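Q: Prediction below, plus the sequence it came from.
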Amino acid sequence: MLDPSCPRCPGPVREEDGGWTCTVHGLVPPLWRPRTSSYEAFGEHLQVADGFPTYLPWPMPPGWQVTDFGVVGEPGQAQATVACVSGPTALDGPVEMMVVSEEAGTGLGARCAGTVQSDPGEQIALAKPGAKVRVETLAIPVWAISTHDAGHELDRSVFAGEAHGRWLWVVLRPASAMLLLADNWMLGDVSGRGAELLELPFGGHAPAW
């Protein structure tokens with residue numbers, strides 16, 4: 001149910017000599033992504049992630065659904081995950097949120113955010129945090145990441161910080177939806193949850209990334 005592709009670009013990968021190669025980025029760990037968002041595919045995602053955190057708004061707000069997800073790496077050797085959700089809000093109407101957790105240098109967060117930096121460390125070091133998100137019981141500061149040098153225009157806001165020793169990216173569309181973070185949005189790692197996941201709604205349109 002999951003197909004391999006490059007974590008740094010939308011291009012395909014081919015398996016050769018025990019590894020995966022992208023024509024643009026060379027040897028890469030594969031990004032495993034579903035053709036359609038479903039409970040069965042999400043179960044396979046969690047198996048490949050094998051305990052690597054996958055963050056969703058938790059509990060999921062009413063009317064929201066999981067539209068896409070992915071995991072970078074081979075089973076038991078995950079380097080990153082992404083989860084995409086969408087739903088209605090009172091101020092901005094329909095909103096999309098993408099949450100990436102990744103090891104440094106993976107490049108998935110930058111791809112999802114549409115930024116030129118593989119890691120956001122330089123921008124974080126030069127500014128004060130712009131918001132906080134709650135990851136389980138922790139309040140995690142996140143910094144606004146510039147998208148001006150990306151070379152294409154997307155109506156989005158990008159934030160990044162560090163959670164449990166890994167980069168945490170949050171991408172919101174439209175850009176005005178950044179005000180959601182003023183409410184200290186709760187993110188939960190669903191990698192260790194069981195029967196609760198049966199209630200997760202899947203579907204909708206996957207965002208472009």
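A: Received, thanks.
Q: And the longest helix seen in the chain, what does it pack against?
A: The longest helix of the chain (DSSP state H) is helix 39-49. For helix 39-49, the elements it packs on are strand 2-5, strand 31-34, strand 65-72, judged by 3 or more CB pairs under 8 Å, 6 or more residues apart in numbering; DSSP states H and E. Heads up, the C-betas are built off the backbone N, CA and C, glycines and all.
Q: roughly how far out does stretch 156-176 sit from the chain middle?
A: 8 Å (CA atoms, centre = their mean, to the nearest Å).
Q: ditto for stretch 76-85
A: 7 Å.
Q: Name the residues that touch that stretch?
A: Contact with stretch 76-85 is made by 7, 29, 45, 48-57, 60, 64-73, 96-103, 106, 108-109, 112, 206-207, 209, as judged by CB atoms under 8 Å, 6 or more residues apart in numbering.
Q: and what of stretch 163-171?
A: 53, 55, 96-104, 109, 112-113, 119-120, 133, 135, 138, 140, 142, 145, 156-162, 181.
Q: Separate out the buried members of the residues you listed.
A: 53, 55, 96-103, 109, 112-113, 119-120, 133, 135, 140, 142, 145, 156-162, 181 (16 or more other CB atoms under 10 Å).
Q: quick one on the thing from earlier: TSV please, covering the helices and strands packed on helix 39-49 and showing mean neighbour count and mean pLDDT.
A: As requested, those are arranged in TSV below (neighbours: other CB atoms under 10 Å; pLDDT from 0 to 100):
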stretch	mean neighbour count	mean pLDDT
strand 2-5	17	96
strand 31-34	24	98
strand 65-72	24	98
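Q: Against which helices or strands is the helix or strand of the chain with the lowest mean pLDDT packed?
A: Here the helix or strand of the chain ranked lowest by mean pLDDT, DSSP states H and E is helix 121-125, holding a mean of 73. Packed against helix 121-125 by the contact rule (3+ CB pairs under 8 Å, 6+ apart) you find strand 157-163.
Q: what mean pLDDT does the strand it packs on have?
A: What strand 157-163 shows for mean pLDDT is 94.
Q: Following element in sequence after it, please.
A: Sequence-wise, the next helix or strand downstream of strand 157-163 (DSSP states H and E) is strand 166-173.
Q: and that next one, C-alpha only, in CSV?
A: In CSV, the C-alpha atoms belonging to strand 166-173 read as follows (Å, rounded to 0.1, in the frame of the first residue of the first chain):
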residue,chain,number,x,y,z
ARG,A,166,14.7,15.7,16.2
TRP,A,167,13.5,18.6,14.0
LEU,A,168,9.8,19.3,14.2
TRP,A,169,8.3,21.1,11.2
VAL,A,170,4.7,22.5,11.1
VAL,A,171,3.4,23.7,7.8
LEU,A,172,0.0,25.5,7.7
ARG,A,173,-2.1,26.5,4.7
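Q: quick one: strands adjacent to it?
A: As defined by DSSP bridges, the strand partners of strand 166-173 come to strand 93-102 (antiparallel), strand 157-163 (antiparallel).
Q: hmm, who's touching the longest helix of the chain?
A: With contacts defined as CB under 8 Å, 6+ apart, helix 39-49 is touched by 1-2, 32, 34-35, 54, 66, 69-71, 73-75, 78, 81, 190-191, 197-198, 200, 202.
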